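>>> Sequence and predicted model, in that order:
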Amino acid sequence: MSIAELLPSISTLSHADKFRLAQIVLQQLAQEDGIMISSETTEIARLSESVLRNAWDNEEDAIYDQL
C-alpha cells in the first residue's frame, strides 16, 4: 500500500489517533533498526494518550481534525 492510498484514511483520524499512529510507526522503525525503546518511554507515551485525547478530541477543536 502506498502513502497516497493511506493519506485519505489518515486524514479522517482524530489528532490523538494520528499521534498514536506516529508512535506506532516510530516504534516499528526503531525495532527494524535494532534501536531499543525503553519500557519507561513506551509507558510515558501510553499514559499521554488519554491527556492528548481529552485535549484534542472535543467539539471546540473538531475543526482542526479536517487539516
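Received the coordinates, thanks. Numbering: from 1, shown residues only.
>>> only C-alpha atoms for contact and neighbour calcs from this point on.
Will do.
>>> buried sites along the helix or strand Arg46 falls within?
Element membership for Arg46 (DSSP states H and E) is helix 39-56. Neighbour counts over helix 39-56 (16 or more other C-alpha atoms under 10 Å) mark Trp56 as buried.
>>> swap in stretch 16-24?
Those would be Ala16, Asp17, Phe19, Arg20, for stretch 16-24 by 16+ other C-alpha under 10 Å.
>>> Now do stretch 50-61: distance to the chain's middle.
13 Å (C-alpha atoms, centre = their mean, to the nearest Å).
>>> what comes into contact with it?
Ser14, His15, Ala16, Asp17, Ala62 (C-alpha atoms under 8 Å, 6 or more residues apart in numbering).
>>> ok, the first one - how many residues close by?
Spelled out, it's Ser14. When neighbours are defined as other C-alpha atoms under 10 Å, Ser14 has 18 of them.
>>> Can you give me the distance of it to Gln31?
As judged by C-alpha to C-alpha, to the nearest Å, Ser14 and Gln31 stand 26 Å apart.
>>> Then the fourth one?
Here the distance between Asp17 and Gln31 works out to 21 Å (C-alpha to C-alpha).
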